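Asker: Take a look and give me a structure for this.
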Amino acid sequence: MENEIIAVQQLIVEYVETPESSEALAEEQFIEMIAKRVEELMETNMELFFNHLYRMDVSEQKIFRALHPATELNESVYITLARIIYERQK
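Answerer: Model (predicted):
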């Protein structure tokens, strides 16, 4: 199981292009790391962000729900999207 988590983390790191090491991070820490990169990409290069989501085959419906203004979230949209990405790559 631990090897699977590390493999998933490495895949995600490739897609979000973060320089930080993915080894031995707790799930929540890793989601926060992804969220930071999601925020950065959404604010600087939305096209690249959506390209990454497309390449990871993330559900368009889940993305739409996370981004839709009528959706009530208990957390930031960046964390929500990071969770969606993490679950997809898990």
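
Asker: Can you get me a residue count around E39?
Answerer: Neighbourhood size, E39 [other C-beta atoms under 10 Å]: 17. C-beta here means a position set from N, CA and C on the backbone, and glycine is covered the same way.

Asker: and if you look at E40?
Answerer: By other C-beta under 10 Å, neighbour count at E40 equals 15.

Asker: So for it, what's the pLDDT?
Answerer: pLDDT recorded at E40 is 92.

Asker: Which neighbouring elements make contact with the strand or helix carrying it?
Answerer: Secondary structure assignment for E40, by DSSP states H and E: helix 27-44. Judged by 3 or more C-beta pairs under 8 Å, 6 or more residues apart in numbering; DSSP states H and E, helix 27-44 is in contact with helix 2-16, helix 46-55, helix 77-89.

Asker: dump the residue contacts of I79.
Answerer: 31-32, 35 (C-beta atoms under 8 Å, 6 or more residues apart in numbering).

Asker: Next one, pLDDT for it please.
Answerer: On the pLDDT scale, I79 gets 92.
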